[in-house]
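**Student:** Provided below for reference: sequence and predicted model.
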Amino acid sequence: MEVRIRSTDGDSGDLMALREWLDAEDDLRGRVRTAHAPIGDTDLGALPELLTIAVGAGGMGSVLASSLKTWLLARRTSAKLTVEANGRSINLDITTTDDVIPLLAQIINAPNDD
C-alpha cells in the first residue's frame, strides 16, 4: 500500500524536511519517494510535490504515524500536512496530533479495500 503526504499550504520546504526526517527512521528508510501529484482539472502552473511511502504489514502505519507526530511537534513553524491512505485523507498540524495520529495509524494499518 502507498501513503501519500502533501503540504496543505504548498510548502515544498516542509516536504523536503519531512523526507529527510522519515529517511532517518530505520523502519522507513528506502520507502520514501518524492513525486508529483497528477494535474487536476482546476490546477494551473507547476504540479505540487508530494511524498509517497511504501507501507507494508507489521505495524508500519504505527511507525509512520508516530514519526509524523514527532516531526510536527519538533517543527518551529506550524507545518500543515494532508495524509492519504486507503482512499481516506486526514489533515495534520501541531494542534491536531494528539487527536488524529491514532486514527491515522488505524487507517494506514487497515486492510486494503481493493
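**Tutor:** Done, it's in.
**Student:** show me where pLDDT drops low in the protein?
**Tutor:** Applying pLDDT under 70 to the chain flags residues 36-38, 44-48, 57-58, 76, 111-114.
**Student:** gap between G40 and T52?
**Tutor:** In this view, G40 and T52 are 17 Å apart by C-beta to C-beta, to the nearest Å. For the C-beta atoms, the positions are set from N, CA and C on the backbone; glycine is no exception.
**Student:** quick one, which of those two is more surrounded?
**Tutor:** The neighbour comparison of G40 against T52 (other C-beta atoms under 10 Å) goes to T52, with 15 against 9.
**Student:** that one contacts A35, doesn't it?
**Tutor:** Yes: look at T52 against A35 with C-beta atoms under 8 Å: they come within range, at 5.1 Å.
**Student:** quick check: S62 touching Q106?
**Tutor:** No: counting by C-beta under 8 Å, Q106 is not a contact partner of S62; they are 9.2 Å apart.
**Student:** more neighbours, those two?
**Tutor:** S62 (17 against 14).
**Student:** the strand or helix carrying that one packs against which elements?
**Tutor:** Using DSSP states H and E, S62 falls within helix 60-74. Using 3 or more C-beta pairs under 8 Å, 6 or more residues apart in numbering; DSSP states H and E, the elements in contact with helix 60-74 are strand 2-7, helix 12-23, strand 81-85, helix 97-109.
**Student:** circling back: anything in contact with each of T52 and A35?
**Tutor:** R4 (C-beta atoms under 8 Å, 6 or more residues apart in numbering).
**Student:** Three-state assignment for D26, please.
**Tutor:** Put simply, D26 is coil when judged by DSSP: H, G, I helix; E, B strand; the rest coil.
**Student:** quick one: it from S67, how far?
**Tutor:** Distance, D26 to S67, using C-beta to C-beta: 10 Å.
**Student:** okay, those two: which has more neighbours?
**Tutor:** Taking other C-beta under 10 Å, D26 and S67 do not tie; S67 has more neighbours (18 against 6).
**Student:** tell me, how many neighbours does the closest residue to the more buried one other than its chain neighbours end up with?
**Tutor:** Spatial nearest neighbour of S67, chain neighbours left out: E25 (5.1 Å); criterion: C-beta to C-beta, 6 or more residues apart in numbering. Counted with other C-beta under 10 Å, the neighbours of E25 add up to 16.
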